[in-house]
Every structure is written in structure tokens, then in C-alpha cells.
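Peer 1: What would the 3D arrangement of this be:
(2 chains)
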Amino acid sequence: MLPILAQAEIPDIHWLPLIPHIVMAGAAVVLLTIVSVAGRWLPGWFAAAWTVAAGLGVLATAIPVWIRVDQWGPHSTIAGSIGVDQFSVFIIGVLACTVVLTALVADGFLHRESLDGPAFYVLLMLSAAGGITMASANNLIVLFLGLEILSLAVYVLVAMHLRRAESQEAGIKYFVLGAFASAFLLYGIALVYGSTGSINLAEIENILSSNDLSDNGLLLAGMAMLLVGFGFKVAAVPFHAWTPDVYQGAPSPVVSYMAAGVKAAGFAALLRVFFGAFGPIYEEGQLADFRQVTDDWQPVVFGLAIASLAVGSMLAIVQTDVKRILAYSSISHAGFILVGVQAATDDGVASVLFYLAAYAAMAIGSFAVITVVSGPGDEGTALDNLRGLAARRPLLAAAFTVLLLSQAGIPFTAGFWAKFEVITAAVDARSFWLAVIAMLAAVVAAFLYLRIVVAMFLDAPDADAPRLRVPPGPAIAIAIVVLFTLAFGIYPEPLLKLADDAWLNLRLWAH
Amino acid sequence: MDGSMVLPVIIFLPLVGAAAIALIAPSRSMVLKPVAVATSAATGALTLWLMAAFEAGDGGFQFTQFAEWIGSAGISWHVGVDGISLFLVVLTGFLFPIAIVACDPPHDAKAYYIWMLVLETGCLGVFLALDLVLFFLFFEVVLIPMYFLIGKWGHENRKYAATKFFLFTMLGSALMLVGMLALALLTARETGGAVTFNLVELAEDAGALPTITARWIFLSFALAFAVKVPIFPVHTWLPDAHTEAPTAGSVILAGVLLKLGTYGLVRFGLYLFPEASRYFAPLLFTLGVIGILYGAVVATMQRDLKRLVAYSSVAHLGFIVLGIFSINTEGIEGGLLQMVNHGLSTGALFLLVGFIYERRHTRQISEMIGLQKAAPVLAAVFTVVMLSSVGLPGLNGFVGEFLILAGAFVAHRWWAVVAASGVILAALYLLWAYQRVFHGTPDDANRSMPDLNWQEKLVMAPLVGLIVFLGVYPKPVIERMEPAVNQLISHMEQVEGFQSPTVGDRPEGSFEELRELKAHYGEEEGH
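Peer 2: This is a model prediction of the structure:
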């Protein structure tokens, strides 16, 4: 061993909570090795099956972590830089499911487009590993690392469709703007470090609870920069400009991962930093009686939420491309989730988690349908391509309708309870007007989902519409998310309970 | 049958029927209609059984069933029926089989029957739910089947009408959701109890909220219901939706769906917000009176027979709103009775207009003349139904309108006088339309129009029968409604310390005493 390593102080590491991280990242690296060594002897479905297995493995290994936290309470590992709490386990679960479902959707897609399979899955798993790190980071630098791992992989995934100029263009656009946003985030981290003297989230929270830094310019600038960085990742207005172009250009399965996984990871990191480190400070069960840091960022998030809701739902109306419509709708969903963030309460965090899980299902399902409908070349994403889908593929149209109605928040779908929880949190935090605006935006958004439903059910199909083939992978994925949407629409209690339990409180183990 | 199981069976039987229809193979399409008719008829029979088994003297909720559903959020499966909802349930159970029997869809019969039955489940759920969230779920989910019924089987402008209907109604209920959550959360905060959406518990705590808060929340509820009723000026979706909907859709829309709004105003407006509904009563009954006059005047101008009937609904619903916000036994009872009457008579009118359309393929009044000669039975039925809609004594419409006007007269005399002129206007536009369509010498296009066939006669017979029966002998209905209405009034008086205006209790004494009383009352209100 090198002498310098012998001198280094190796921190005490609990390995169990790290297993999900290791499985996800390890599966990616091992897959890469296998296909480069034995690629030519492997069947075509191998990489997809491997990814599904890896995702399920992450899910399985996350369960003991959850139970352990349940018994022992939240704690941290690797010298306090990775938080082990149910909040992170919940997001890990969402990401793992996203990986499984995206792999199922991508299977048929990559075959149809004759694209290079294994690289896609490797990048997908690496990106998810980054997301897992973001969701459990307890240290701003670790969080940044996770974000970069997640983003770099997605930049490549977006540009994956080599024969489509739009895909290349989207990749460049996402990369340039994304790098810019990362720079903002990094600068924000530096400023926060400058003002508080720590990059550890729990320590920052501790410092803020004993020092009034609520009008510290350095901290305020740092928080603003962090918000810009996260706002970009979750596609909140005014940091959304990339979303429609990238969603339209990127391969459809990648979009389903971006809408579900990247958004979930982005919001997880946002909550860890803003609710965890810059969160409300309680004294004996009551909000502490001094000026809180939350008073600084809540109004900004309020503004971001309203802007996202308004821009997302209104600009979606004038689009004619389904992927662009859903891109704007994902902006409007980000606005809805920010309504839950703005509440800055435990209920708000739970509502965000529930929303993320429900939205992940709806988004993956919706983009899976588009993957199927768009046909060879991934070109047929115009609204006209969906005309008369109900006559051509009744089950597919019915499934898409369920997912769209869920996005609109119609009762007996998971989307309804997601909105219900978010609005409950907002009303409970006395943000009545924000709740009202959010619901009005939901009505405007309902119009655009109806446009798609009208095209599918009420318009006649074109006579020369190509015959649609629904490969088994996407079919299974769509069936799973539709069942999820309906089951939790009728009985949301289990998922609500999980989200409620998955609370985020750095104080519990910081001291 | 176990009493507590009957309501869930009533609610979900149509849904089971819809599922059964979904499983029928395309090659056996001839059994679609029999299954749909059988399911809705069985549901209707159950609602009749419910009416027979209903304890007439009891003003509380009967046949209640309660189960925890989403415990963490205080949401429960809680259903029950009382005198206020009973007849709306029966009306729903009665109109659906009629609408299904009367009209055959021109295409996609399977989907059509599925949506009709899903719609029935939604409507029944709304009337029977005793939990705010449960109510909201049904209230909102009703939109989907209706949207498809209008959008897929409607007339020329159907897509526009369906979307407009959906968005208007959703706009109202979006705000109601916020109001509902605010009500439950703030009430729990005031009383220190757990969050609950249980209607009965929330009503017991009505008055716990600060007055201003309760008024805001009431407004959010009232807007949602006002769109559904619809009350002027948020009625603009109604003429489009009614006109473009297929006949059965119009029947259900007018007969049942509009009642979701007026029922909501009674159940969730008056019951949960005694003070606020009294505070806003002048606004609402003024809008009701405007609706009566406006609906009547605009109906007079219509050249499309179906649109005329649609606008007459605006006027009739104005009467119901006026009755409800008189906040006394006569007014509310009249309003409730008129809900049933309007469902029968306007439902029947839409059916008749639909029958004419099927034969003549037009709804334009100017293209029809002398139909009486060609189709005497249709003309006779139309006469009875139209007169019921006008409010002729001896038919059902008269009883409801009389009670409403009596209630309104005690509460707000001059509004009642203005509203009464609406009755005259109704006579004007309906009789004039009748004259243009049925009188005169038929031209070639109208001479050969066939009369009602046996199936249509079969459909119209129970409607006409009930129209006459309720006009002559409304007692069985009123005696079941009255205890519940009285209980509602006493609930409002108890929470509020307010006395409902009735004929007997005019304050006696000199004008000075009266003025003192008023001044005292004004002070109280100021707090």
C-alpha cells in the first residue's frame, strides 16, 4: 500500500445502505464489460433483461435499508456525506422502477431503429446511479457529483439517435444549457460554503438554526444560484427553454426517463438542500419565532411555481406535436410539484414524493405510447398521427386515455391523489391563492389532454395510416403503469403511507 | 336485504353492467341493449324499493354505510339517503332505463352503453355520498362519460360542445376542491380534532370557522354548483351541450346532471355554511330570477326546437335556485320537488324532440308545420308534457312552482312577483313553439311523418303517468321530503341563531320596536 494511503484516515463506512448505489452503478459497468468481451454471442434481449434485473435488484436491496432506517432511525455514512433515510430510499425506489420500465420501453425501440443496444442501457443505469447519489447526498459536493453523473449520461442518451438530426441538435442544446446550469449550481455551492462554512447539509442546517443568516447576501445569492441549477433539471420556468426542443428531439424512451427519472432526482436534490438544509426550524413542535431562511426562498419558489404552471399549461395549447405538448405539460407538472415544495412542511415533502411517483408512472406510460405510435424513425409524433387511434388500436388508446386523464387529475387515477395531496399541503400552509392558481392551471392543462383524447377517439383515422406494431416490452410497461395508475387511484393509502413515512429531517441524526 | 348494503349495490350495479357489456364479444352485439336495459331497470327497481322501505317520518340519513377508506387523510366511504336525496336517486333510477330504451346509438353501441351505465353510477354516487371527497370524486368523474357521449354520438358541433362542457364544469370544481380542503383542514384546526371530510361531522362543526373564511369557502362551492346548475351568467355551456348531445345524453343531462348542482347547493351549501348561504342568498336568488327571465326571453327567440328546450332549462333551474335560497320549508321543498318535475318534463321534452329529429332530420322550427295531423299521439303527449313544463295546475310542474313562489313570497316578496311573470313567459314560448310546430296544414315533408311506435309509446307512458300523478297527488313525495327539509332548516337556525322566514312569525308590535329589533340584529351581524 502506498504510504500516503496508509496515512489517510479512512472513514467508518456502513455498507448495507450503499448496496443499492453499488448495484445500480456496478450493473452498468459489468454490463459494459460483458458486452465488450462476449457481445457477439449474446442474444438481442440480453442487455434489456440485464437492466430490468438490475433495477429489480436495486428495488430489492432498498427494502432492507428502509426496514433498517425504520428500526434505527435515519443516519449517515461515509463521514456524513451520504444520508440514509427513508426519503432517499423512496426516491431510489422511484428511480429503480423508472429504469426497469424505461428498459422495457427501449427494448422494442432500439430494435426498431437498429440502434446500438448495450450503450443505451449502460448509460441509463449510470445516469440512475447518479440520481440515486443525488437523492441521498448529504453533502453539496457529493450532490454535485451525482448530478453530473446523471446529466452526462443523459446528454449522450439524448443524442443517441444517430440518424436523426433533431436528436443531435437536442443533445447539443441540452448539453450546453445543462453545463451552464451545472456551473450555476457549483457557484451556488461555493457561495453557500462561503456564508456558512460547511458543505455538509446537516451542519448547514445546524448553523442556520443557531445563527440568523436570513439576510446574509452571500447565502441569499448562493440559494438563488442553487435554485437556478435545480430549476433547470426539473424544467421549471424560466429555466425551461430547453424542454420542448429536447423532448421533441430526443429518442422517445429517453424522454420517458428524463420526465420521470431526471425530474424525480432533481426534485429530491432540491428538497434535500432547501427543505433539509434551508428548511424551517422548529422549537418544541412550533415554528421557531425568528426570521427563518424559508422566508427567503418560499416566495421565490412561489413565483417559480406560478410561472411554471401558467407557461406550461398555456403554451401547451398551441403545440401540434404530442411530444412538445407533453413537454409543456411536464413543465406544468413541475409547477404543481413546486406548490408542494413551497409549503415547506413535512406534508409538503410527502406530497412531492407521492406526486413524483405518480408522475413517473404517467410520464413513462405516455412516452411509451408515443414510442409505439411514432413508428420507424421516431418521426410520427404529430397530433395527427394519433388520429383515430381508438379505431386502430383500442387498448392502446384506452391506456393512453387513462394516463392522460391521470395527468389531468381526474378522480380514480393516481394523478388525482397527487394533485389532492399537493393542494392539501398548500392549503394547510395557508397558500390559498397558490392552490387556486394551481387548480386553474390544471383546468387549462386538462384542455390539452382532451385535445389528444379527441384526436384518438373522436377523429376518424387516416385511410393510409400504417399498421401499428406493439412490441411486448412497451406493452408490458404500459400495462404496469396503467394498473399502477388505476390501483392507486382507487386505493392510494399504501403509497400515501410510504410517502408520509419517507420524511426528510436532517436534525434527527445531525446531533 | 341488509339495509346498509342496498346503497352500494345501487351505486355499483350499473358499473357491473358496464363491465359485463365490455366483455360481450363483438359478434353478439344484439345482446348489448338488453343487458344495458336490464341493468338500469334493475337499478331503477332497487331505487323504487328504497323509496318504499324509506322511513317517511325520519329526517335523518337512512341506509347509511360507513367504512374507513383513506384513513390518513380522513376520507371515508360514507353513503346514506335522506328525504332530500331520495327522490333524486329515484329520478336517476327511473330516467336511465327510459333514456336507454328510447334511443339506439347509430354506431359504436358497445361503448355507448358502457358510458351510459358508468354515467349512472357516477350520478347515483353523487346523490348518495356523505363524504366530501367521495362526493367530489363522483361529481368530477361524471364528466368523463358525458364528455364521450356528447363528443362521440352528438350532432355537428359535438367536439366543441363536449370540450366546452368539460372545461366549464371542471373549472368550477377545481376551485371547489381547494374550498373543500380549506374547509376540512381549517375546521380541524379550529376544533382541534382530526381532519375529516365526513359531511355530518363537518356540518356539526359548521360555525367553527371564522365568518369571513366560511364565506370564501362557500363561494368556492357555490361557483362549482352554479356552473353545474347552471345559474346565469355561467350557463353558456348548457345550450351547446344540450343541443349537440344525442337524445339520451340530453335527457340525462337535463334530467339528472343539472340536479347535481342544485342538490349540491342544498346539501353542501345550506347544510355546511348556514351563515354564508344566508349572507349570499340575495345574490343567488337574484341571479335565479335573472335566469328565469333571461332563459325565458332567449328561449322565445330560438329557431331550433332543441335549443329552445335547453334555454327553458335555464329558466326552470332559476326557479329551483330561487326556492332553495328562500331558505324556508316551502321554498326548499318546492325546489326539491321541482328538481324531480324538471327531470320528468324536460327529459320527456328532449325525448320528443329527439323522436321528431329522427323522423324529420331537422330541429328547425320553421321546417316543421302541422305535425299534429301527421302524428296525433306524439302531439298529444307533447301537449301534456309541455303544459307540465308551463306549470298548468293539475300537472306536476304547478305544485313545485307554487311552493317555490310561496316560499319566495314570504322571504322576498318582490322577487317572487317578478319570478311569477316567468311562468307567463314560459307559457308564451312553449305554446308559441307548439303552435308553429304542430298546428297548421302540413306540407309535403311533414305530411308523411310517422307517429310514435309502440316502443316510444312505452317509453313515454310512465313519464306522462308520473307527470299527472305528481300533479294530482304529490303527498307521497312531500311527506318524505318534509322531515329532512325541516331538519335542515332547524340545523341552520340552531347554528346561526337565525329564524327562517315563514308565514306565521311576522314580528308583532309597533314600528319602533321593529326598528330596535333590526338595530340589535344589525349589531350582532357586525361582529
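
Peer 1: and the residue nearest to the spatial centre of chain B, how far is that from A:Ser76?
Peer 2: For chain B, the residue nearest the mean C-alpha position is B:Lys259 (1.6 Å; Cα atoms, centre = their mean). To A:Ser76, B:Lys259 is 59 Å away according to Cβ to Cβ, to the nearest Å. Every residue, glycine included, has its C-beta placed from N, CA and C.

Peer 1: can you list the residues of the stretch 301-450 of chain A near chain B?
Peer 2: Contacts of the stretch 301-450 of chain A with chain B, taken as Cβ under 8 Å from any Cβ of the partner chain, map to A:405, A:410-412, A:416, A:420, A:423-424, A:427-428, A:432, A:435-436, A:439-440, A:442-443, A:446-447, A:450.

Peer 1: how about 6 Å then?
Peer 2: In this structure, the stretch 301-450 of chain A approaches chain B at residues A:411, A:423-424, A:427-428, A:435-436, A:439, A:442-443, A:446-447, A:450, judged by Cβ under 6 Å from any Cβ of the partner chain.

Peer 1: ok, now chain A?
Peer 2: So chain A meets chain B at A:411, A:423-424, A:427-428, A:435-436, A:439, A:442-443, A:446-447, A:450, A:454, A:458, A:493, A:496 (Cβ under 6 Å from any Cβ).

Peer 1: Apply 7 Å and report the result again.
Peer 2: A:405, A:410-412, A:423-424, A:427-428, A:432, A:435-436, A:439-440, A:442-443, A:446-447, A:450, A:454, A:457-458, A:492-493, A:496-497, A:500 (Cβ under 7 Å from any Cβ of the partner chain).

Peer 1: Can you tell me which of the residues you listed are buried?
Peer 2: The neighbour count (16 or more other Cβ atoms under 10 Å in any protein chain shown) marks A:405, A:410-412, A:423-424, A:427-428, A:432, A:435-436, A:439-440, A:442-443, A:446-447, A:450, A:454, A:457-458, A:492-493, A:496, A:500 as buried among those.

Peer 1: mind listing which of those are in strands?
Peer 2: Among those, none falls in strands (DSSP state E).

Peer 1: out of the residues of the stretch 301-450 of chain A next to chain B, what pair is the most spread apart?
Peer 2: A:Asp428 and A:Leu450 (30.5 Å; Cβ to Cβ).

Peer 1: Longest helix in chain B, by number of residues?
Peer 2: Looking across chain B with DSSP state H, the single longest helix is helix B:158-191.

Peer 1: Can you give me the buried ones in it?
Peer 2: Buried residues in helix B:158-191 (16+ other Cβ under 10 Å): B:158-159, B:161-188.

Peer 1: Also stretch A:459-467?
Peer 2: A:459, A:465.

Peer 1: Report the mean confidence score over that stretch.
Peer 2: Averaged across stretch A:459-467, pLDDT comes to 75.

Peer 1: which residues touch B:Ser388?
Peer 2: Shown in contact with B:Ser388 (Cβ atoms under 7 Å, 6 or more residues apart in numbering or on different chains): B:345, B:395-397, B:467.

Peer 1: what about 8 Å?
Peer 2: B:341, B:344-345, B:348, B:395-397, B:467, B:471 (Cβ atoms under 8 Å, 6 or more residues apart in numbering or on different chains).

Peer 1: For A:Gly57, which non-adjacent residue is closest in space?
Peer 2: Setting aside the residues directly before and after it, A:Gly57 is nearest to A:Val23 in space (Cβ to Cβ, 6 or more residues apart in numbering or on different chains), at 4.9 Å.
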